[in-house]
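*Asks:* What follows is a predicted protein model with its sequence.
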Amino acid sequence: MPLDRLDDPDHPVYSMGQAAELLGVTAAFLRNLDATGLLRPGRSGGGHRRYSRHQLDRVVELRALTEQGHTLTSAAEILDLRADLDGERARHATTTQERDRAVRERDTARDERDTALRERDRARDERDTARRARDQDADQDADLPGI
């Protein structure tokens, strides 16, 4: 459905003028970010820049870092490293969940195996008890005279 794109934070919907107004920056600042490759807005059919919500968030973060004394290039590198770290943390969490699930499955399998072994041993004990009883009965019958 076409309106679903409005919920997509990566869908470029804001014009340069709208983005500049929302962010409190100049259009020249946004053009500079594009020219330096620090932000790649989408383009409309007519070639006009279009910005997504994620890109607007990135501009806010870039501005905050530059206000702290970082250059635009170092600010962009910091944001990229943060994104990489977030990605690695997400992968680690996924791997940890997979490992924990595998451990639970292994433990369940071991429990099932141990239960099966106990049942087997119990059945063997019952069989051996029955054999001993049968052998004792057979021995007693053999000892009886003339039957």
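*Replies:* Arrived safely.

*Asks:* can you pull the contacts of the closest residue to residue 14 other than its chain neighbours?
*Replies:* Setting aside the residues directly before and after it, residue 14 is nearest to residue 51 in space (C-beta to C-beta, 6 or more residues apart in numbering), at 4.4 Å. Yep, even glycine has a C-beta here, placed from its N, CA and C like the rest. By C-beta atoms under 8 Å, 6 or more residues apart in numbering, residue 51 lies in contact with 12-16, 18-19, 30, 41-42, 59.

*Asks:* Centroid-nearest residue for the chain?
*Replies:* In the chain, the C-alpha closest to the average C-alpha coordinate belongs to residue 94, at a distance of 3.7 Å (C-alpha atoms, centre = their mean).

*Asks:* Return the distance of that residue relative to residue 88.
*Replies:* Per C-beta to C-beta, to the nearest Å, residue 94 is found 11 Å from residue 88.

*Asks:* Surely residue 70 is in contact with residue 76?
*Replies:* No. Look at residue 70 against residue 76 with C-beta atoms under 8 Å: they stay out of range, at 9.1 Å.

*Asks:* These two: which has the busier surroundings?
*Replies:* Using other C-beta atoms under 10 Å, the more surrounded residue of residue 70 and residue 76 is residue 76, with 21 against 15.

*Asks:* Run through this protein and note the low-pLDDT ranges.
*Replies:* 1-3, 6, 146-147 (pLDDT under 70).

*Asks:* tell me the SS of residue 40?
*Replies:* What DSSP: H, G, I helix; E, B strand; the rest coil gives for residue 40 is coil.

*Asks:* how about it, what does it touch?
*Replies:* Counted by C-beta under 8 Å, 6+ apart, residue 40 has contacts residue 34.
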